[in-house]
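> I'll drop the sequence and a predicted model, then ask my questions.
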Amino acid sequence: MKITILGSGTPAPSLKRACSGYMIEIGNDVIVMDHGPDAHRRLLESGKRATDVTHAFFTHLHYDHFLDYGRLVLQRWDMGADKIGELDVYGPPPLARITEQLFGDDGVYGPDLAARVGHRLSLDIFELRGGETPRRKPSPNVMEVAPGSVIEGGAWRVTVGEASHVQPYLQCHVYRLDCAAGAMCYTGDSGGVSDAVIETAKGCDVLIHMAHYESGTEPSPEYRAGCGGHLDVAEVARRAGVRTLVMSHVLEHIDRPGTRERLINEAAEIFKGEIIWAEDLLQITVGDGGQRTRAQKSSEW
Ligand SMILES: [Zn+2]
């Protein structure tokens, strides 16, 4: 199992850190978990393209976690030229309604799609890509899931847990993925020391946890309960007994030389496993000796 960090940032615009996105490769399956703004660009930089992606999971429907969903579906459909199956998509409600509102006949992209399946010019391009008319519109297979749901993917299994974030406005998920090589858990956005998150992450090789801010600087108890502070994140990792903690979704003002090292050292007082400060395009292999690499930025684009 190879994990590539596509986006380790926050909603704040950044050229260094794209918004939330992760890619997990297991055999021929390429799974993305969250696909926030610029995560798709990082996917291209990692050498993949939309047509390689087989499954998409969304933890919650904050825009910094799914704004590139439209791009993923449209480019996959357009370049795929009807030769690949529909994307399998999992997430909280109202993901099915949003998907219809994006790609349905009356949706945001409805006029574009009507032109692309109707105009001869677009059909010429489609046929040059190997497609056969009549051309179909994209229709992702959306499955709305909830904490407790289990998705069997053949070579992998995803278990849905509950994050501690902005409920009840948004349903917020943690995803745990188990495969022959090991297990990883991605919290999406989550704060505090949540028993539900600890339970979901129990014994994982890799835990990717939102580590948004420096503990002790939170403006309210609600902020602490919904956003990862570095000490709470370390406590979650300790109690879950994971091997590696990846601290991600980091605010710019803690992402500075000196501050960063201090926070990692303080977290290491609590959690004795390996700690990784996330970086876009960092790759973590689970199984096979567990290497750390960096995706070579693809220049063929
Ligand atoms: Zn977020």
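Received the coordinates, thanks. Numbers count the residues shown, from 1 in each chain.

> got the CA positions of stretch 104-116 in CSV?
What follows is stretch 104-116 as a C-alpha-only set of coordinates in CSV (Å, rounded to 0.1, in the frame of the first residue of the first chain):
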residue,chain,number,x,y,z
GLY,A,104,-27.3,16.1,-13.8
ASP,A,105,-29.2,17.7,-16.8
ASP,A,106,-30.2,20.7,-14.7
GLY,A,107,-26.9,20.7,-12.9
VAL,A,108,-24.0,23.2,-12.9
TYR,A,109,-22.2,21.3,-15.7
GLY,A,110,-25.5,20.2,-17.4
PRO,A,111,-25.1,22.7,-20.3
ASP,A,112,-21.4,21.8,-20.8
LEU,A,113,-22.2,18.1,-20.8
ALA,A,114,-25.2,18.6,-23.2
ALA,A,115,-22.8,20.3,-25.6
ARG,A,116,-20.1,17.6,-25.3
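
> buried stuff in that stretch?
Buried residues in stretch 104-116, defined by neighbour count with 16 or more other Cβ atoms under 10 Å: 107, 109, 113, 116. Where C-beta positions appear, they are placed from N, C-alpha and C, glycine not excepted.

> can I get those in JSON lines with secondary structure and pLDDT?
Formatted as JSON lines, the buried residues of stretch 104-116 follow (DSSP: H, G, I helix; E, B strand; the rest coil; pLDDT from 0 to 100):
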{"residue": "107", "secondary structure": "coil", "pLDDT": "97"}
{"residue": "109", "secondary structure": "coil", "pLDDT": "98"}
{"residue": "113", "secondary structure": "helix", "pLDDT": "98"}
{"residue": "116", "secondary structure": "helix", "pLDDT": "97"}
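
> got those as a markdown table, with distance to residue 218 columns?
Below are the buried residues of stretch 104-116 laid out as a markdown table (distance: Cβ to Cβ, whole Å):
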| residue | distance to residue 218 |
| --- | --- |
| 107 | 39 |
| 109 | 39 |
| 113 | 44 |
| 116 | 47 |
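
> in contact with the closest residue to the ion within the stretch 151-300 of the chain: list those residues for me.
Going by Cβ to the ion, the ion is nearest to residue 189 of the stretch 151-300 of the chain, at 4.4 Å. Residue 189 is in contact with 20, 59-60, 62, 65, 163, 165-166, 172, 210, 212, 226-228, 249, counting by Cβ atoms under 8 Å, 6 or more residues apart in numbering.

> would you map the helices across the stretch 51-200 of the chain?
Using DSSP state H, counting those that start in this stretch, the helices of the stretch 51-200 of the chain run over residues 63-66, 69-80, 95-103, 110-118, 120-128, 195-201.

> nearest to the ion, of the ones you listed?
For the helices of the stretch 51-200 of the chain, the distance to the ion is smallest for helix 63-66, at 4.4 Å, taking Cβ to the ion.

> follow-up on the earlier one: let me know the pLDDT of the residue of the stretch 151-300 of the chain closest to the ion.
Residue 189 is assigned a predicted lDDT (pLDDT) of 96.

> need the residues of the protein near the ion, please.
Applying Cβ under 5 Å from the ion, we find that the chain lies next to the ion at 64, 189.

> in contact with the closest residue to residue 235 other than its chain neighbours, which residues?
Of all residues not flanking residue 235 in the chain, residue 193 sits nearest, at 4.9 Å (Cβ to Cβ, 6 or more residues apart in numbering). Residues in contact with residue 193 (Cβ under 8 Å, 6+ apart) are 232, 235-236, 239.

> and the gap between residue 193 and residue 146?
23 Å (Cβ to Cβ, to the nearest Å).

> break down the stretch 1-150 of the chain into its strands, ranges please.
Along the stretch 1-150 of the chain, counting by DSSP state E, counting those that start in this stretch, strands occupy 2-7, 21-26, 29-35, 55-57, 88-91, 141-144, 150-152.

> quick one: low-confidence parts of the chain?
Residues of the chain meeting the criterion pLDDT under 70: 289-290, 294, 296-301.

> let's go with 90 and repeat that
Along the chain, the parts satisfying pLDDT under 90 run over 154, 287-301.

> before we move on, the earlier item: top of the contacts of residue 189 by neighbour count?
Within the contacts of residue 189, most neighbours by other Cβ atoms under 10 Å means residue 20, with 34 neighbours.
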